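Visitor: Give me a model of this one.
(one chain, ligands or ions: 2)
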Amino acid sequence: MRSNQPQTIYLSEYQVPAYLVDHVDLRFELFEEGARVHSTLSVRRNPDSRAASAPLELDGDSLRLESVALDGAELSAADYEDRGDQLVIASVPEQFELSVVTWIEPQNNTRLEGLYKSSGMFCTQCEAEGFRCITFFPDRPDVMARFRTRIEADKASYPVLLSNGNDVDRGELEGGRHFVTWEDPFPKPCYLFALVAGDLVEKRDTFRTCSGRDIDLRMYVEPRNAEKCDHAMDSLKRSMSWDEEVYGREYDLDIFMIVAVDDFNMGAMENKGLNIFNSSCVLASQDTATDAAFQRIEAIVAHEYFHNWSGNRVTCRDWFQLSLKEGFTVFRDSQFSADMGSPTVKRIEDVTLLRTAQFAEDAGPMAHPVRPASYMEISNFYTLTIYEKGAEVVRMIHNLLGPEMFRKGSDLYFERHDGQAVTTDDFVRAMEDASGRDLTQFRLWYEQAGTPVLNVSDEFDAEQGVYRLNIAQHIPDTPGQSNKKPQHIPFALGLLGSRGEPLPLKLEAGEENAPAERVLELTEASHTFEFHGIGERPVPSLLRHFSAPVRVNYPWSREQLLFLMSHDPDGFNRWDAGQRLAVDVIQSLVGAPKDAAVEPRLVTSYRHLICDSSLDQALVAKMLQLPSEAYLIELADNADAPAIHRARERVLKHLAISLRDELVACYRRNLESGDYEITPEAIARRSLRNTALAWLLVINDEEGRELAVRQFRSADNMTDRMGALRALVNSDYEEDRNLALEEFYQQFREDPQVIEQWFSVQAASDRAGQLPQIHALLEHPAFDWKNPNKVRSVVGAFAGQNLSAFHNPDGSGYDFLAEQVCRLDDSNPQIAARLVTPLTRWRKFAPEYSEQMKAALERIRDKDGLSRDVYEVVHKSLA
Ligand code: 0A1
Ligand code: ZN
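Guide: Residues are numbered from 1 along each chain as shown. Ligands and ions are numbered 1, 2, ... in the order given. Purely as a prediction, here's the structure:
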């Protein structure tokens, strides 16, 4: 059994493996009542290991050991020790073959790690430590082996049998069974192993690589999903050609397969040649997927494909290096998405996620560096810090080196480390060696946790014509880290004159041809920069494109923000100025008397955005989104979530009332006439008309109601149908809301991915998602505790998005979450540990909330037999 005695693992204690595995021969006998796994490992002592006579230790988890043989001779129980989580053989030769037979029960595997069943098919999830749930093995990424896998199963129930690499043999067996053998020529860590067996339909396509090889592309899905593959397949082909063009990376096997499964803990998995996806991250049709889902699918398909180089060909030495593959691959997929659509909009989306969720993580009890120094349960470290902040760190290297040097660096990295398991330091060294730049101080981004804070002040010396900018940085303490060193921060900026014109940034008097944008490199605790030849006090445009993942404090006046909203040449900063203004206005109304005035200039600026159709409509669609409650809470101290919710609602209603006619006009102007398209322009049109609808319904506008009902009934795509449904659900039109929800359910009851959306639109709404209604959703026949997507769409959406209900002052929201976490802890600890997150932020909230949140955490802590996953999160949060 899995050990629940949590043990901390330290990077500083890393040792090379004592034994290496060159080859793995696997044979799976799959049955309804379980699976027998025959494994033969070709093992040799690692010449680089100093542990000369170390025992052989193989990891295992929830395995029934049937037999062990060494070089063909069966071992007796006295020759080895089965410790449950390890198989230990004290004495082994220099080189040998070890054969192990284990029995596992995939049909009872609710953790969804290792081999399990989902909707009747067998599938695997081995990252990070799932392979040990299949057979005994040195389950660590620096042991790389060639795999040969034979799968045997009943032919009628499981006609499709897949694993990594190429299929090299197949045939019939007695009793209606059959087999297929797969061989993967590339050595890989066992976390990249995959197996699928099921009754699936196959969709095929091909891709011709830059060197003229034809790659067989195959998607495997349940028959009912056969029509939902085109978007993922097109995204895959776009990713393959983008990676050739931008990174010079060609695909290496002859086959590339994607499988969709309904029960999956995460989004998708990059197993070599056989990517496995959560159905919600790969299946799409106009009728069932929103624009956001189409874009997410394109990004995730690209992400998993890009891992073939950044992760598979060059992998991680140990799990502390996780961001080596994840940070780099997220950076690559965000570059790809920017190239496929609107770069500014993509940047806004990435930064919104980073500032709302990663900054909160970095300021909370689970804060850790991009390269953590310790962990208890590695599954808890698939975090926004590893992924999103890790990507920002790579983005900063890209910006410091410039695109050409960065490409030289990535070429060198891939060439130097192909087939190896390496560290983030190896990545940075390749960048240094290719570019000649010294990134010694930059490496602190990998070592120090916490979001740097930049305090910026300025002064204008009219006499000298000098504008001075003072920038001081400090990094807040985080668990186990204090007194941090200054980091190397690229800080992009521009200065605007009073007519909005960009001013040349002369760092020395008389400098010729000075640029209008510069990237200042901050390396000290504080700097002062002088800009010469400035005739009047300029408006600074700071941290353009969000050039570093930091918080900037500068005493903006509302006047300056309004000015930047309409004049900043950097689209990202135009949006950011709008966000800062809206934050300022909302914050000033938190706890204010009911009749306190809403800043009239906010209305004027939004009117301008709504009415001026010459503006970039994709940017306008983003600028009209008010900062989320989650972001406002992240920015607050002693947060009072219901008060923040009320203040935000007040601003929203005020804007909607003041701009009512403009909203109706905007809705009509953006009505679709032609066919459904997923271009940035069409997405912006749908976003604008659905925002207009949502705002109109917030103020119970009768015309808005009619438009919403009509759109709901006549929509030819899910974005519009969901836009109308969400607007009705968040309105006071209770009858229309219930009718729409019922109609929607009846129309899509057979489609689990759509029903997930139906659950979450209710659970996230303060109207439809109060606790009694949430309980009703959990009792709904379509709800399933074993399906992580359903759990996320009800429990996760309630605690993560329906913030005024979750933070009900009576504490009922916290009790509810604690109860669901305890319930899930036994069946799926990974999901349970992720669900705890909202409670871990207890220190952020005002005492009347935080005390009750803490008490809920303590109840979870006291549960009998708590999993290691939840133990780590809860104990660190209470420490
Ligand atoms: N490597 C995958 C994500 C992933 C991570 C962990 C998993 O199980 C604990 C599953 C998938 C990716 O980055 O896409
Ligand atoms: Zn990844």
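Visitor: Now do the same contact list for the residue in the chain that ligand 1 sits nearest to.
Guide: Across the chain, no residue is closer to ligand 1 than residue 266, which sits at 3.6 Å (CB to the nearest ligand atom). Using the backbone N, CA and C atoms, a C-beta is placed for each residue, glycine as well. Neighbouring residues of residue 266 by CB atoms under 8 Å, 6 or more residues apart in numbering: 125, 278, 382.
Visitor: okay, the residues you listed in a markdown table with secondary structure, neighbour count and distance to residue 109 next?
Guide: Formatted as a markdown table, the contacts of residue 266 follow (DSSP: H, G, I helix; E, B strand; the rest coil; neighbours: other CB atoms under 10 Å; distance: CB to CB, whole Å):
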| residue | secondary structure | neighbour count | distance to residue 109 |
| --- | --- | --- | --- |
| 125 | strand | 27 | 10 |
| 278 | strand | 22 | 17 |
| 382 | coil | 18 | 19 |
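Visitor: Which ones among those residues also lie next to ligand 1?
Guide: When contact is defined as CB under 6 Å from any ligand atom, the contacts of residue 266 meet ligand 1 at 125, 382.
Visitor: can you list the contacts of residue 266 in JSON lines and add pLDDT?
Guide: As requested, these are exported to JSON lines (pLDDT from 0 to 100):
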{"residue": "125", "pLDDT": "99"}
{"residue": "278", "pLDDT": "98"}
{"residue": "382", "pLDDT": "98"}
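Visitor: circling back to that earlier point, what about the residue of the chain closest to ligand 1, which helix or strand?
Guide: Assigned by DSSP states H and E, residue 266 belongs to no helix or strand.
Visitor: just how off-centre is the host helix or strand of residue 29 within its chain?
Guide: Using DSSP H and E, residue 29 maps to strand 19-31. The chain centroid and the centroid of strand 19-31 are separated by 31 Å under CA atoms, centre = their mean, to the nearest Å.
Visitor: which parts of it are buried?
Guide: Residues 19, 20, 21, 24, 25, 26, 27, 28, 29, 30 are the ones in strand 19-31 that count as buried (16 or more other CB atoms under 10 Å).
Visitor: tell me the contacts of the second one?
Guide: Spelled out, that is residue 20. Residue 20 makes contacts with 43, 44, 45, 46, 143, as judged by CB under 8 Å, 6+ apart.
Visitor: how about residue 712, secondary structure?
Guide: Following DSSP: H, G, I helix; E, B strand; the rest coil, we place residue 712 in the helix state.
Visitor: Looking at residue 25 now. What's its pLDDT?
Guide: pLDDT recorded at residue 25 is 99.
Visitor: Look up how far residue 270 lies from it.
Guide: Distance of residue 25 to residue 270, given as CB to CB, to the nearest Å: 23 Å.
Visitor: The strand holding residue 29 pairs with which strands?
Guide: Partner strands and pairing direction for strand 19-31 (DSSP bridges) are strand 34-45 (antiparallel), strand 145-154 (parallel).
Visitor: Can you pull out the residues in contact with the first one?
Guide: Looking back up the chat, that one is strand 34-45. Strand 34-45 has contacts (CB under 8 Å, 6+ apart) with 18-29, 52, 56, 66, 92, 94-107, 115, 122, 134-137, 145.
Visitor: 7 Å instead?
Guide: 19-29, 94-106, 115, 134-135 (CB atoms under 7 Å, 6 or more residues apart in numbering).
Visitor: same check, this time on stretch 612-627
Guide: By CB under 7 Å, 6+ apart, stretch 612-627 touches 342, 344-345, 348, 571, 574-575, 578-579, 582-583, 586, 606, 609, 648, 651-652, 669, 680-681, 684-685, 687-688, 691.
Visitor: which of those are buried?
Guide: Among these, those buried by neighbour count (16+ other CB under 10 Å) are 342, 344-345, 348, 571, 574-575, 578-579, 582-583, 586, 606, 609, 648, 651-652, 680, 684-685, 687-688, 691.
Visitor: Just name whatever secondary elements the helix or strand where residue 609 lies is in contact with.
Guide: Following DSSP H and E, one finds residue 609 within helix 600-611. Contacts defined by 3 or more CB pairs under 7 Å, 6 or more residues apart in numbering; DSSP states H and E place helix 600-611 against helix 558-567, helix 571-589, helix 641-658, helix 660-669.
Visitor: is it possible to export those to CSV including mean pLDDT and distance to ligand 1?
Guide: As requested, the helices and strands packed on helix 600-611 are arranged in CSV below (pLDDT from 0 to 100; distance: least, CB to the nearest ligand atom, whole Å):
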stretch, mean pLDDT, distance to ligand 1
helix 558-567, 98, 36
helix 571-589, 98, 26
helix 641-658, 98, 30
helix 660-669, 98, 38
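Visitor: So for residue 507, which of those sits nearest?
Guide: helix 571-589 (20.7 Å; CB to CB).
Visitor: what inclination does that closest one have with respect to helix 641-658?
Guide: Helix 571-589 runs at 110 degrees relative to helix 641-658, counting by axes from the mean of the first three to the mean of the last three CA atoms, to 10 degrees.
Visitor: gap between helix 571-589 and the chain center?
Guide: Centroid separation between helix 571-589 and its chain, computed with CA atoms, centre = their mean, is 25 Å.
Visitor: ok so, going back, so which of the helices and strands packed on helix 600-611 is the most surrounded?
Guide: Compared across these, helix 571-589 shows the largest average neighbour count, a mean of 22 (mean count of other CB atoms under 10 Å).
Visitor: Thanks a lot, see you next time.
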